[in-house]
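J.: sharing a sequence plus its predicted fold:
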Number of protein chains: 2
Amino acid sequence: MRIAFTTKLPAEGLTRLQGHELYVPLPEADILVSTFDKPVTAAMIASAPKLKLIANFGAGYNNIDLDACRQRGIRVTNTPQPVIEPTAELAFALMIDVARRVSEFDRALRVSGLGIQGLGTLDVHFAVMNNLSHSLYGKTLGIIGMGRIGQSLARRAVAGGMTIVYHNRHRLPETIEARYNARYVTLQTLLQQSDYVSLNLPYTPDVHHMIGKQELAMMKHTAYLINTARGAHVDEQALAEALQTGVIAGAALDVYEHEPRITPELLRLPNVVLSPHTGTGTWEGRIAMCENVADNILAFLNNDIHKMNTIL
Amino acid sequence: MRIAFTTKLPAEGLTRLQGHELYVPLPEADILVSTFDKPVTAAMIASAPKLKLIANFGAGYNNIDLDACRQRGIRVTNTPQPVIEPTAELAFALMIDVARRVSEFDRALRVSGLGIQGLGTLDVHFAVMNNLSHSLYGKTLGIIGMGRIGQSLARRAVAGGMTIVYHNRHRLPETIEARYNARYVTLQTLLQQSDYVSLNLPYTPDVHHMIGKQELAMMKHTAYLINTARGAHVDEQALAEALQTGVIAGAALDVYEHEPRITPELLRLPNVVLSPHTGTGTWEGRIAMCENVADNILAFLNNDIHKMNTIL
C-alpha cells in the first residue's frame, strides 16, 4: 500500500509496516496517517481519490473532517490506549511539581546562582523554615472526568496518600470506585472539598469554560488546579486573575485556551507550572502510538475490523 | 519548664507545650529544641547548666555533640516518623520532574515568552514530535537504602508502573519485598540495570562518595540519578562531568556536597533539576515534626521513656 503522513514519525515505531511505501504524496495515497495537531480538511480528502483509511496518531480526532470521510466511505481509526499512562503521568508530575514548588525552586536557584534578571526573585537561602511547600500526602484530589486517564491518575494519587473524589457524566461501578476508594460527588462539592482539582475529560462544546470565575471562587483558597485535558475547559483569563488575587493557591497547566499562545500573566506568576502540551509526549509513548497506528493499518488491510480502534 | 529553641518554629505545631515557657535564653533552659541545620556544640551545652533534654527537630542528629550530652547525662530525641512521607514525596517529585522535563519546559516557556537571556534556549514550538521526554512507566527504579523512606518511594513508583530493584545493608524480609515486588541486588547490578537510581540511605563516613566517577560509568547512558539523602554521598564534581559528557542522561538533586554552594556547572545544565534541601520541607511536615518534638518533651517530663524517640 502507499501511505501518506502529515508528520514525520519515528521509524522504530513503524517497522510493522515494512513492505509498504511510506511518505508518499497525499494524492497518490491509499492510506493517510494523520497526527492530532494537523487538520485533515474536506479539500485534502478530495485531493486523494484512492484514500480508503485515515489512521490518526492520537486519541482525539477533532482534527479530521469526519463528514467528508463519511461521504466517501473512508474509515477512520485512533490510538486511545497508548496515551493513557503518559498523560496521567504528566498530570501527576504537574500536580506534585506545583505542590512541592519544584520548578519554582529550580528556577530560583539558577536565577540567583547565575545572576539572571527578570524571572522574579525568591529567597532560596537554605534553612529549616525557608522554602516550604505543600504535601500531596493526606490531601484530597478531585478528578473531573474519571475515564481511563482519570483512573490512572487516581492510582498514582492513592499511592501518594491522597483521598479521591470524582465527578463524571455517569457514576462508575462500585468495583471501580472501591479500587481507588473514590467517592462520586457533584461538580460543586468536588470544587469545594478538593485540595487539588484535575481536569481529565475530553473537550466538547458543552464543557467550554466549565472552570470560570464562578467555579474558581468555589474552590479553596489553598487549592491547586491541574489541566492536562484541553485548554478551552478553562477561562484562562479568569484563571490568571484568580491566581494573581489569591482566589486559589496555584495551577499547573499543560494545555492552553489559545495554543501556542499562553496568557502572558501566567508566565510571570511564581505559583504556576507550565508545560508545552506534552501530556502524551514521551519517546516511549510516541513509539507505542506509532505501533498502534501500524496495527490499525494492518488490521484494516486484513479486514480484521474487530482489531481496529474504529471511529468511522 | 523553660525551653530554648535554636530556630523559631510554627506555633500551631507547639500548642501541646502550652503552660511551658518557650524561647528562653539557652543558659536558663531545662530543655533545648534544636533543628537539624544548627550545630549544638559542647560549648553551648556547657553554657546551659540546667539542660536535661535536647529534643531535635529532624531525623538526622549529626548536628549535636553527643559525647558532650553523654558526659552530662543529657537525653537526646529526634523525629524519625514525620520525615518519611515528605522526603519520599520529594524524591518521587524530582524523579518524575527530570524524566518528564517539567522544570526545563516551564523555564523555557517563561524564558522564551518573556525574552529573558542567559538561562539557555529550548525549542518550545508546540508540535507532535517536539518537546519529547521519558516515561517512568515501564522503567526500572533502583533504590539504594530501602528503609522507611525508600519503601515509601517504592510504593509511589509501583503505582507509577515501575519495577523496583534495591540495595541495602541487609536484605529485607520477603513479605516486604513482595509488597513492592522488589528484587535485592548488589550495588553494581543496581547501577547497571536501573533507568532511575535514587539514594535513600543515611550519611555515614563509609558511604562518602559512594557514587563517584566509577559508579556513574556503570550506569546506563540513558539513566537518571536522584539524591534526596545527603550531598556527600555523591562526588558532585564527577557528577557534573558525567552530566556534561553524556555518561548519564540527567540528575535531580535536593542535597549538595558543599551546601548551600552548588557546583556551578549544575546551574547551567538543562538535564538537571535542583531543589534547596527541602525534602522534609512542607508546612504539613514541619507542623508534624513540631508535634513530634512536643510529644518527646511531654513523654520525657512524664517519664514515659518508651514513648520517646530516644537517641541518648
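T.: Received, thanks.

J.: wait, A:Leu14 touches A:Asn292, no?
T.: No: at 11.1 Å, A:Leu14 and A:Asn292 do not qualify as touching, with contact defined as C-beta atoms under 8 Å. For every residue, glycine as well, the C-beta is placed using N, CA and C.

J.: out of those two, which sits in the busier spot?
T.: When A:Leu14 and A:Asn292 are compared for neighbours, A:Asn292 comes out ahead with 24 against 20, by other C-beta atoms under 10 Å in any protein chain shown.

J.: quick check: chain neighbours aside, which residue is closest to that one?
T.: Excluding its sequence neighbours, the residue lying closest to A:Asn292 (C-beta to C-beta, 6 or more residues apart in numbering or on different chains) is A:Thr79, at 3.9 Å.

J.: so what's that neighbour up against?
T.: Residues near A:Thr79 by C-beta atoms under 8 Å, 6 or more residues apart in numbering or on different chains: A:56-59, A:289, A:292-293, A:296, A:309.

J.: burial measure for A:Thr15, as a count.
T.: 10.

J.: residues in contact with it?
T.: For A:Thr15, the contacting residues are A:Ala294, by C-beta under 8 Å, 6+ apart.

J.: which pLDDT value belongs to the residue of chain A found nearest chain B?
T.: When scored by C-beta to the nearest C-beta, chain A has A:Ala159 as its residue closest to chain B, at 3.3 Å. Looking at A:Ala159, its pLDDT stands at 98.

J.: same deal with the one 5 residues further on?
T.: At A:Ile164, the pLDDT value in this model is 98.

J.: from the middle of its chain, how far away would stretch A:126-134 be?
T.: 31 Å (C-alpha atoms, centre = their mean, to the nearest Å).

J.: show the backbone phi and psi for A:Ile226.
T.: phi -120, psi 130 (degrees, to the nearest 10).

J.: which residues does the nearest residue to it once chain neighbours are set aside form beta bridges with?
T.: Once flanking residues are discounted, A:Ile226 sits nearest to A:Ser198: 4.3 Å by C-beta to C-beta, 6+ apart. Note on A:Ser198: beta-bridge partners A:Ile143, A:Ile226, judged by DSSP bridges.

J.: got a list of what A:Ser198 touches?
T.: Contacts of A:Ser198 (C-beta under 8 Å, 6+ apart): A:91, A:95, A:141-144, A:150, A:153, A:226-228.

J.: mind putting these into CSV with pLDDT and neighbour count?
T.: As requested, the contacts of A:Ser198 are exported to CSV (pLDDT from 0 to 100; neighbours: other C-beta atoms under 10 Å in any protein chain shown):
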residue, pLDDT, neighbour count
A:Ala91, 98, 29
A:Met95, 98, 29
A:Leu141, 98, 29
A:Gly142, 98, 27
A:Ile143, 98, 29
A:Ile144, 98, 24
A:Gly150, 98, 28
A:Leu153, 98, 29
A:Ile226, 98, 30
A:Asn227, 98, 26
A:Thr228, 97, 28
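
J.: same list (those) but as TSV, adding distance to B:Lys8.
T.: Shown next, in TSV, are the contacts of A:Ser198 (distance: C-beta to C-beta, whole Å):
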residue	distance to B:Lys8
A:Ala91	37
A:Met95	31
A:Leu141	32
A:Gly142	35
A:Ile143	38
A:Ile144	40
A:Gly150	42
A:Leu153	38
A:Ile226	33
A:Asn227	38
A:Thr228	39
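
J.: of all those, which comes closest to A:Pro10?
T.: Checking the contacts of A:Ser198 against A:Pro10 with C-beta to C-beta, the nearest one is A:Thr228 at 22.5 Å.

J.: surely the closest one meets A:Leu94?
T.: Yes: A:Thr228 lies in contact with A:Leu94 (C-beta under 8 Å); the separation is 6.7 Å.

J.: and for the two, which residues touch both?
T.: Contacts common to A:Thr228 and A:Leu94, judged by C-beta under 8 Å, 6+ apart, are A:Asp254.

J.: hmm, A:Ile143 and A:Leu201 touching each other?
T.: No: assessed by C-beta under 8 Å, A:Leu201 is found out of contact with A:Ile143, at 9.2 Å.

J.: how is chain A carved up into domains?
T.: Listed domain ranges for chain A are A:2-82+A:282-307, A:84-274 (source: automatic domain parsing).

J.: how close does A:Asn168 get to A:Val24?
T.: A:Asn168 is 43 Å from A:Val24, where distance means C-beta to C-beta, to the nearest Å.
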